[in-house]
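**Q** Below: sequence and its predicted model.
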Amino acid sequence: MSRQGALVKNTAILSLGTVVPKLVNIVALPILTGYLSKADYGTYDLVVSLVSLLLPVATLQLQASAFRFLIEARSDEPRQKGIVISITVASSVVSVLVLTILFFLLTDVDVYSRILVCAYYLLDILVITFRQVARGLSRNGVYSISVIVNSFSEGLAIVGFVMLLGYGLKGALLASLIGQAVSLAVLFFGARIYQLLDVSCMSLSLTRELVAYSWPLIPNSLSSWIISTSDRLVLTLMIGIEASAIYAAASKIPHILNIFQTAFNLAWQENASLSKSNSDRDAYYSAMFDGVFCLLAGGLALLIAASPILFHLLIRGDYEESYAPMNILFFGAFAAAMSSFLGGIYIAHMKTREIGATTTVAAVCNLAVKMIFVPTAGICAASIAYAASFSFLALYRAFRISLFQPIEFNRGKIAITCLLLIGMTVAGASRVLYLEVANALLGAVMFIVLNRTLIQSCVRRLHAGRRA
């Protein structure tokens, strides 16, 4: 199968594990915002968001090693066993220690909620680790199924515990815990991970090799958390938990852009790694960048155009203050997607230190803007910091990549497209009807113009299929 064919196939499989969960989350959003108070919803979102802060420390980012090292050990079962058992034991021991400390630090939270939070974090750590094992073993179907059952189980539990029984915050936490438990069972048996947990294959030298690859990703993950998630914590500390809830609601629609991009990025990391040794990799990476940029930019233009309707349908309760920051976050979501694509090339070259360095610089800028401007500008300052830092990260990574992997960038097209997208976000934030209509027209035109080659290809294949 060709590289493009393998990429499309893996993206399609992984999309089931990203599209379905995000759709379930969209359906659950009106329940959470409608049946939880702002304080409870803000707390729940903060607990879920803090996973990405604790995970790097608790696992030493070993799950990233699982994926990258297993790709090169798919025909070597003894090495597979050594990788899986070493990662599982090391990450589990550190996780238990970290979460035990966390349990005693949460003195302001009742014991039952503390147990739910720590249990949720532990299961999340195991689930994410085993999902990377499944990806490394090319069991992408099991990966996707685990995510789907996680989301459906959590969604049904939210309906039961939050909507029907009215358990509030505890019900939402219990729902998350149930989703992770079901997902863990699917991975353990579906990917046959139990067959790889052979203690006799554990190797201290292999563990050191895995940690040497993964530890530079810890500052990368912490920095990514600062850029993507610390907004809630900063807003909570400086303004209050309700401000965090408003910001959380504002971020939901922009992150719809990541529904398909997340699946593609997972497949792209594997595809880019396998293509690293090919003689035409420069041209291939350049063509992939241009195609991804056009598709994401066109998709974002359509999403901005549809945002007035989506906001009315998906956001319940008193969240009108979310509308302005939502439009700022649109461009941040786009820049985050592009920086993730470029990060796949770093992964292919196993340059984890470079990934960490680029993200750390962006995180410092993000945190500085928030600490200075959030006290006076509030939620919009956090949104601007998010968009600005990810834009800087995408540009910085593009520049640094040129030092080890040549890629051709169409700078004129990139600049004009970004300016149009910024203009659309400004027009959308104004909430003026004729500007919203203009956005709808411009969004459709941009998508067609940027992706005309892709559209023509799809039309030709459709006609060919009908003739056949």
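**A** Perfect, I can see it now.
**Q** The strand or helix carrying Ala248 packs against which elements?
**A** Element membership of Ala248, judged by DSSP states H and E, is helix 241-252. On a contact count with 3 or more C-beta pairs under 8 Å, 6 or more residues apart in numbering; DSSP states H and E, helix 241-252 meets helix 3-35, helix 38-49, helix 230-238, helix 323-348, helix 379-401. For the C-beta atoms, the positions are set from N, CA and C on the backbone; glycine is no exception.
**Q** Can you say which of these is packed in most?
**A** Counting by mean count of other C-beta atoms under 10 Å, helix 323-348 has the highest mean neighbour count of the helices and strands packed on helix 241-252, with a mean of 24.
**Q** helices and strands around it, which ones?
**A** The contact analysis (3+ C-beta pairs under 8 Å, 6+ apart) places helix 323-348 against helix 241-252, helix 258-275, helix 281-314, helix 352-377, helix 379-401, helix 411-430.
**Q** okay if I get those helices as a markdown table plus distance to Leu174?
**A** As requested, the helices and strands packed on helix 323-348 are exported to a markdown table (distance: least, C-beta to C-beta, whole Å):
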| stretch | distance to Leu174 |
| --- | --- |
| helix 241-252 | 20 |
| helix 258-275 | 26 |
| helix 281-314 | 24 |
| helix 352-377 | 32 |
| helix 379-401 | 29 |
| helix 411-430 | 37 |
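**Q** Could you dump the ones you listed into a markdown table with mean pLDDT and distance to Ser91 added?
**A** A markdown table is the format used below for the helices and strands packed on helix 323-348 (pLDDT from 0 to 100; distance: least, C-beta to C-beta, whole Å):
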| stretch | mean pLDDT | distance to Ser91 |
| --- | --- | --- |
| helix 241-252 | 81 | 28 |
| helix 258-275 | 67 | 20 |
| helix 281-314 | 86 | 31 |
| helix 352-377 | 80 | 17 |
| helix 379-401 | 87 | 27 |
| helix 411-430 | 90 | 39 |
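**Q** Among the ones you listed, show me which one is buried the most.
**A** helix 241-252 (a mean of 24).
**Q** what inclination does it have with respect to helix 323-348?
**A** Angle of helix 241-252 versus helix 323-348, following axes from the mean of the first three to the mean of the last three C-alpha atoms, to 10 degrees, is 60 degrees.
**Q** which residues are in contact with helix 241-252?
**A** Outside helix 241-252, the residues that touch it by C-beta atoms under 8 Å, 6 or more residues apart in numbering are 25-26, 29, 33, 38-39, 41-43, 45-46, 231-233, 235-236, 314-315, 319, 321-323, 325-326, 329, 378-379, 382-383.
**Q** So which elements touch the helix or strand hosting Ser86?
**A** Element membership of Ser86, judged by DSSP H and E, is helix 77-105. Contacts defined by 3+ C-beta pairs under 8 Å, 6+ apart place helix 77-105 against helix 51-59, helix 62-71, helix 111-136, helix 204-214.
**Q** Only alpha carbons, please: show the helix or strand that the longest one is followed by as CSV.
**A** To tie it back to what came earlier, the one meant is helix 111-136. Per DSSP H and E, the first helix or strand lying C-terminal to helix 111-136 is helix 140-158. Coordinates of each C-alpha in helix 140-158 appear next as CSV, following Å, rounded to 0.1, in the frame of the first residue of the first chain:
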residue,chain,number,x,y,z
ASN,A,140,-5.3,1.2,15.5
GLY,A,141,-8.8,-0.4,15.4
VAL,A,142,-8.5,-1.4,19.0
TYR,A,143,-7.2,2.1,19.8
SER,A,144,-10.3,3.7,18.2
ILE,A,145,-12.8,1.2,19.8
SER,A,146,-11.3,2.0,23.2
VAL,A,147,-11.9,5.7,22.8
ILE,A,148,-15.4,5.2,21.4
VAL,A,149,-16.5,2.9,24.3
ASN,A,150,-14.9,5.4,26.7
SER,A,151,-17.0,8.2,25.4
PHE,A,152,-20.3,6.4,25.1
SER,A,153,-19.9,4.9,28.6
GLU,A,154,-19.0,8.3,30.0
GLY,A,155,-21.8,10.0,28.0
LEU,A,156,-24.5,7.5,29.2
ALA,A,157,-23.2,7.9,32.8
ILE,A,158,-23.4,11.7,32.6
